[in-house]
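Participant: based on what follows, work out the 3D shape:
(one chain, ligands or ions: 1)
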Amino acid sequence: MKKDICAYTYEQLQKEMEEIGEKRFRAKQIYDWLHVKQAEDFCMMSNLPKGLRSKLDENYEILPVTLLRKQESRLDGTSKFLFQLYDQNVVESVLMRYKHGNSVCISSQVGCRMGCRFCASTIGGLVRNLSPSEMLGQVYQVQKLTDERVDNVVVMGTGEPLDNYDNFVRFVHLLTDEHGLHISQRNVTVSTCGIVPGILKLAGEQLQITLALSLHGATQDKRKQLMPVADRYEFGEVLSACDVYFKRTGRRITFEYSLVHGVNDTDEDARELADILRHRNCHLNLIPVNPIQERDFKRPSRKNAQNFKNKLEKSGINVTIRREMGADIDGACGQLRRRYVQTNKE
Ligand code: SAH
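Facilitator: Numbering: from 1, shown residues only. Okay, the predicted model is just below:
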């Protein structure tokens with residue numbers, strides 16, 4: 001089995017080079033080829049001796065993340081990418097062009113086992129975890145294919161990043177390392193459905209990334225209706241884990257709340273949500289649910305969503321309605337991949 005060389009942090013690569021009898025400084029050169037120049041083959045590494053290049057080629061591999069399909073939104077500047085991995089599995093990534101910069105949304109797993117009822121990514125269950133290099137590969141490919149700078153990375157695509165904890169944390173180190181792409185940790189956001197031990201562990205990693213918590217309900221019962229993960233962790237536990245994260249990192253939490261008509265968008269829901277968030281230093285992101293083919297969930301009208309937002313604002317909460325991006329190109333999480341997997345099964 002060849003080793004996945006892009007998954008080595010800078011320090012790990014230095015050690016590895018020493019272990020295979022090479023000089024430490026080779027790690028700097030190789031790291032630069034992999035993470036700055038984003039080489040896809042060892043033969044491109046022209047400042048390495050030929051012998052080392054073949055040694056690398058024999059023992060290591062650069063896992064492929066290959067473009068299968070690209071869709072451009074005609075409504076806004078959003079592009080969606082479907083990538084194929086070494087084992088023919090596919091993942092999707094999205095590039096969103098905002099005034100304040102470009103954000104890439106990446107997947108952390110092939111499929112997902114969290115089972116959130118309105119989410120397309122979880123319908124086929126979890127297939128496998130992505131390696132750190134496959135998460136990184138999505139960012140590198142988007143940058144290469146568009147020739148545009150990536151300013152922000154959000155781990156909000158298919159998968160639950162804290163269900164793939166070690167690979168996810170390694171990915172953050174690789175992405176933000178000064179020897180590589182060097183994205184600021186403050187420009188990285190990770191979204192979780194609320195795996196409490198994972199949040200607490202992440203709070204101790206001394207990272208400056210933003211934590212986004214998928215709330216979707218303001219009580220234990222409401223959350224349970226939409227998210228099976230709520231059966232595992234009490235609502236109060238989830239909130240205190242977020243408080244710990246804020247305390248230890250100083251990073252304001254983003255709460256995400258998908259508005260589902262008739263399920264969690266009433267005045268009472270707004271009141272309950274305001275009671276929970278009022279005393280917390282946080283940001284609330286409302287996402288009118290993207291209806292998916294397999295489920296019968298509807299989004300509230302524009303007016304209702306705006307009313308919901310106003311109620312929270314009146315309670316002093318910092319709130320935005322997430323602008324819908326790429327609605328004409330399977331905008332909702334996991335829909336492009338889902339369609340691909342479906343079509344190729346038939
Ligand atoms: N597993 C992580 C990250 C993936 S999804 C998490 O649960 O946070 C990123 C966000 O999009 C989550 O808040 C998720 O609940 C939400 N989401 C998924 N499918 C959606 C849909 N069809 N409509 C609106 N939001 C959706």
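Participant: going by C-alpha atoms from here, please, whenever you check contacts or count neighbours.
Facilitator: Noted.
Participant: near the ligand, which residues of the stretch 101-250 of the chain?
Facilitator: 118-119, 156-160, 191-193, 214 (CA under 6 Å from any ligand atom).
Participant: who wins on neighbours among these?
Facilitator: residue 159 (32 neighbours; other CA atoms under 10 Å).
Participant: tell me which element residue 68 is part of?
Facilitator: strand 66-72 (DSSP states H and E).
Participant: what are the contacting residues of whatever helix or strand comes next after that strand?
Facilitator: Per DSSP H and E, the first helix or strand lying C-terminal to strand 66-72 is strand 79-84. For strand 79-84, contacts defined as CA atoms under 8 Å, 6 or more residues apart in numbering pick out 64-73, 90-96, 138, 142, 326, 329, 336-337.
Participant: now which of the residues you listed would you call buried?
Facilitator: Among the contacts of strand 79-84, those scoring as buried are 64-67, 71-73, 90-96, 138, 142, 326, 329, 336-337 (criterion: 16 or more other CA atoms under 10 Å).
Participant: which residues does the closest residue to residue 73 other than its chain neighbours contact?
Facilitator: In this structure, residue 73 finds its nearest non-sequential neighbour in residue 326, 5.2 Å apart by CA to CA, 6 or more residues apart in numbering. Neighbouring residues of residue 326 by CA under 8 Å, 6+ apart: 72-79.
Participant: could you do residue 241 as well?
Facilitator: Here residue 241 is in contact with 196, 199-200 (criterion: CA under 8 Å, 6+ apart).
Participant: now stretch 336-346: buried residues?
Facilitator: Those would be 336-338, for stretch 336-346 by 16+ other CA under 10 Å.
Participant: select from these every entry located in strands.
Facilitator: Assignment to strands by DSSP state E places none of those there.
Participant: before we move on, the earlier item: and the contacts of residue 241, which is closest to residue 35?
Facilitator: residue 199 (27.8 Å; CA to CA).
Participant: which SS class is the residue lying closest to that closest one once chain neighbours are set aside?
Facilitator: In this structure, residue 199 finds its nearest non-sequential neighbour in residue 241, 6.2 Å apart by CA to CA, 6+ apart. State at residue 241, reduced to three classes by DSSP: H, G, I helix; E, B strand; the rest coil: helix.
Participant: can you pull the buried residues of stretch 314-322?
Facilitator: 315, 317-321.
Participant: then stretch 53-67?
Facilitator: 53, 56-57, 60-67.
Participant: give me the residues contacting that stretch.
Facilitator: Residues contacting stretch 53-67 (CA under 8 Å, 6+ apart): 1-6, 40-43, 45, 81-86, 133-134, 137-138, 141.
Participant: PyMOL command for the buried members of these?
Facilitator: Entered in PyMOL, the line below selects the buried ones among these, by 16+ other CA under 10 Å:
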select buried, resi 4+5+6+42+45+81+82+83+84+85+133+134+137+138+141
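Participant: among the contacts of stretch 53-67, which lie within helices?
Facilitator: 133-134, 137-138, 141 (DSSP state H).
Participant: specify which member of these is nearest to the ligand.
Facilitator: Minimum distance to the ligand across those is 15.6 Å, recorded for residue 138 (CA to the nearest ligand atom).
Participant: I'd say that closest one and residue 94 touch.
Facilitator: No: look at residue 138 against residue 94 with CA atoms under 8 Å: they stay out of range, at 9.3 Å.
Participant: which residues are common contacts for the two?
Facilitator: residue 106.
Participant: just the pLDDT for the residue of the stretch 1-150 of the chain found nearest the ligand.
Facilitator: Residue nearest to the ligand within the stretch 1-150 of the chain (CA to the nearest ligand atom): residue 119, separated by 3.7 Å. pLDDT for residue 119: 93.
Participant: now do the contacts for residue 128.
Facilitator: With CA under 8 Å, 6+ apart, residue 128 has these contacts: 109-111.
Participant: who wins for neighbours among those?
Facilitator: residue 111 (28 neighbours).
Participant: hang on, residue 191 in a strand?
Facilitator: Yes: with three-state DSSP as the criterion, residue 191 is part of a strand.
Participant: show me the shaky parts of this structure.
Facilitator: 325, 330-333, 345-346 (pLDDT under 70).
Participant: quick one: the helices in it?
Facilitator: Secondary structure of the chain (DSSP H): helices at 10-19, 25-35, 50-59, 132-146, 165-176, 196-203, 220-226, 235-249, 267-277, 302-314, 335-345.
Participant: circling back: buried subset of the contacts of residue 241 as a ChimeraX selection?
Facilitator: Selection of buried members from the contacts of residue 241 for ChimeraX, criterion 16+ other CA under 10 Å:
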select :196,199,200
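Participant: so which of the contacts of residue 241 comes closest to residue 272?
Facilitator: residue 196 (21.6 Å).
Participant: distance check, that closest one against residue 230.
Facilitator: 10 Å (CA to CA, to the nearest Å).
Participant: now do residue 158
Facilitator: Taking CA to CA, one finds residue 158 at 19 Å from residue 230.
Participant: what is the burial count for the closest residue to residue 266 other than its chain neighbours?
Facilitator: Take residue 266 and drop its neighbours on the chain: the residue closest to it by CA to CA, 6+ apart is residue 308, 7.8 Å away. Other residues within reach of residue 308, judged by other CA under 10 Å, total 22.
Participant: buried residues of stretch 173-189, list them for me.
Facilitator: Those would be 173-177, 179-181, 183-185, 188-189, for stretch 173-189 by 16+ other CA under 10 Å.
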